[in-house]
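**Student:** Provide a 3D model corresponding to the input given below.
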Amino acid sequence: MTNAAAPASTRPFHPLDISDSSFWERPFFEREKTFARLREEEGVTWHRPAESLFPHDESGYWAITRHADIRHVSGHPELFCSSAGISMDPMPAEIQCAISFFLTMDPPEHTRYRRLISMAFTPKQVRTIEAQIQANAKAIVDDFLRELDKGAPVDFVQAVSRHLPMRTVSEMIGIAPENHEAVAYAAESLFSTSDDEYANLEERATHLMTQLGILTGSGVELAKERRVNPQDDLMTNIVQAEVDGHRLTDEEVGAFMVLLASAGNDTTKQATSHCFKALIDNPDQVAWLLDDWDERASGAIDEFVRWSTPVLEFARHAVVDTDIAGTPIRAGEKVVLFYCSGNFDEMVFDRPLDFDLSRFPNPHVGFGGGGPHFCLGKQLAVLELKHLFHELLTRIPPVELSEPEYVRSDFVHGIKRMSVRKL
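**Tutor:** This is a model prediction of the structure:
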């Protein structure tokens, strides 16, 4: 380990400012140029606190931009905890916990809750979910093709991207169809609190809490109903699951509802939009994939996730004095894992700026950097992308896309709108 770290109060901030909101308004690959420069630095770099809706006394954070360092932090929960907060933006811990449930827990508590949730995904339940996904993917593309045939531009995000994850999450939990849109909007709002389209600066904190309440309330209400009236759905499995004598309370189910609706909904939606654009921009990749779909689809989906990186970052806090890449890190200091940088690390990925469906191996960190918080919803996301893109790529006619309109956020790599027109 190198010499002792300077006190955070006197430590200079790195001149490349990745905390300013204007940085996150730049195009993704323009931001990647900055991250590439940070990856070249010796050790890791110290940055001023990100802008926040809430009062705070944070002194700054360490930017973890290299793939190897992201994997190191993710794989050592005894050194870097989640319970002190996982948000790059300063935010009260109780709000972070309400939004992210067991993502803000550490082992052994996190292990117990993860086992409880995992138990609900029985083989029968997964088979049911996959059948629903396959049927919904076909129906969504049917509707999309009908709209394209009318000749006018169609917003791909509204017509396709947002529908499959929304329907999947809603149907597998048992949310009533009339509530699907409200749940989807609430989930999008939680992931896009920094975008003025959802709420202006003065309204953001209130808007955040309102949408959080909608999701939590939906989960609590549904949990209470399923305890009295069990159904053949995931929510019934969740309320009945038991590990070491522990079951989820209604309030804990409500918190899980927030996580599932946001993480399980918006991430797959964003991956769908980004990858549809990448495929239209790279017709040679489509031809290669369709030449042997059954053998090539799984590897292609890894590249879908790497390329889109729907979640840009997550934070951890050092539990003890330690170091990362030779840089001393003091106990209590925040480290931010920039997955958007790790997925384009030229030390790991050959030609990282190329969209290459044949890329192998593809050790992307789009589902996290490993360790106990590796994405629990990976299987669900893969099924959705696999079935939806099989329908799209085998059925759509030649189309052209407008330039996407992006979500302004330091957390979600999002597309708000993207028009598509039949040629």
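**Student:** in the stretch 51-200 of the chain, which spans are helices?
**Tutor:** Assigned by DSSP state H, counting those that start in this stretch, the helices in the stretch 51-200 of the chain fall at 67-74, 93-100, 109-120, 123-149, 156, 163-173, 180-191.
**Student:** helices or strands next to the first one in the packing?
**Tutor:** Yep, that's helix 67-74 we're talking about. strand 322-324, strand 334-338, helix 339-342 (3 or more Cβ pairs under 8 Å, 6 or more residues apart in numbering; DSSP states H and E). All C-beta atoms are positioned from the backbone trio N, CA, C, and that covers glycine.
**Student:** and the residue nearest to the spatial centre of the chain, what does it touch?
**Tutor:** Nearest to the mean C-alpha position of the chain, by Cα atoms, centre = their mean, lies residue 311 at 3.7 Å. By Cβ atoms under 8 Å, 6 or more residues apart in numbering, the residues touching residue 311 are 267, 339, 366, 411-413.
**Student:** rerun at 10 Å
**Tutor:** Residue 311 makes contact with 191, 263, 266-267, 270, 337, 339-340, 365-368, 375, 411-413, according to Cβ atoms under 10 Å, 6 or more residues apart in numbering.
**Student:** low pLDDT regions in the stretch 151-300 of the chain?
**Tutor:** Low-confidence segments of the stretch 151-300 of the chain (pLDDT under 70): 191-205.
**Student:** excluding sequence neighbours, find me the nearest residue to residue 268.
**Tutor:** Nearest non-adjacent residue to residue 268, counting by Cβ to Cβ, 6 or more residues apart in numbering: residue 165, 4.2 Å away.
**Student:** neighbours of that neighbour, how many?
**Tutor:** Using other Cβ atoms under 10 Å, residue 165 has 29 other residues around it.
**Student:** how close does it get to residue 132?
**Tutor:** Counting by Cβ to Cβ, to the nearest Å, the separation of residue 165 from residue 132 is 12 Å.
**Student:** low-scoring stretches of the stretch 1-150 of the chain, by residue?
**Tutor:** For the stretch 1-150 of the chain, the ranges with pLDDT under 70 are 1-5, 9, 99.
**Student:** which stretch among the helices of the stretch 51-200 of the chain comes nearest residue 281?
**Tutor:** helix 156 (13.5 Å; Cβ to Cβ).
**Student:** quick one: contacts of the closest one?
**Tutor:** With Cβ under 10 Å, 6+ apart as the criterion, helix 156 contacts 144, 162, 272-273, 276-277, 280, 392, 399, 401-402, 404, 415, 417-420.
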